[in-house]
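Student: need a structure here:
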Amino acid sequence: MDGFRELMQNTVFWCAFIGWFSAQGIKLLLTFIKDGRFDAERIMGSGGMPSSHSSTAVATTFAIGETMGYGSPVFALGVVFSFIVMYDAANVRMESGRQAKIINRIINEMKEHTFADHMDRELKELLGHTYLEVAVGALLGLVVGLVFA
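Tutor: This next block holds a predicted model:
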């Protein structure tokens, strides 16, 4: 139980949570403004503006920098981790989403083929982020890490 209590008092953990929560909240709000509807999938869904992956990683990294020092090896690890997360969000996952869109189109155009019988639902297409979504998420994370740490 002491471990849980320590986690609940951990500034870095809370900055990570606030970074994630604020990005997801902004996605929910922007979807409501744009589409005029509440989309519960945006609460936990990936993709969209801003990148919650980037926000969470960068908030964590800068909270570490603020609490342990910017010269600490853990901060350096956080910087590397953040760049990997942001690269993945803007490149790997974005390409996966593009591929899913094409596969969905192929399956819809070829319904009579037997492989289409194995698709109980369309593949998720909104997986990754544009560079702008990643940059805004990183900026949000930077602000969260600096303000709340």
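Student: every contact and neighbour count from this point should use C-alpha atoms.
Tutor: OK.
Student: could you list the low-pLDDT ranges of this protein?
Tutor: 93-94, 97, 110-127 (pLDDT under 70).
Student: repeat the analysis, applying 80 as the threshold.
Tutor: Along the chain, the parts satisfying pLDDT under 80 run over 1, 39-47, 92-129.
Student: quick check: buried residues in the lengthiest helix in it?
Tutor: In the chain, assigned by DSSP state H, the helix with the most residues is helix 11-35. Across helix 11-35, burial judged by 16 or more other CA atoms under 10 Å covers 11-31.
Student: could you pull up the contacting residues of R5?
Tutor: Under the criterion of CA atoms under 8 Å, 6 or more residues apart in numbering, R5 has no neighbours.
Student: got the phi and psi for it?
Tutor: Per-residue torsions, R5: phi -60, psi -40 (degrees, to the nearest 10).
Student: is the residue nearest to the spatial centre of the chain within a helix or a strand, and which one?
Tutor: The centre of the chain sits closest to H53, judged by CA atoms, centre = their mean, with a distance of 2.6 Å. According to DSSP states H and E, H53 maps onto helix 52-68.
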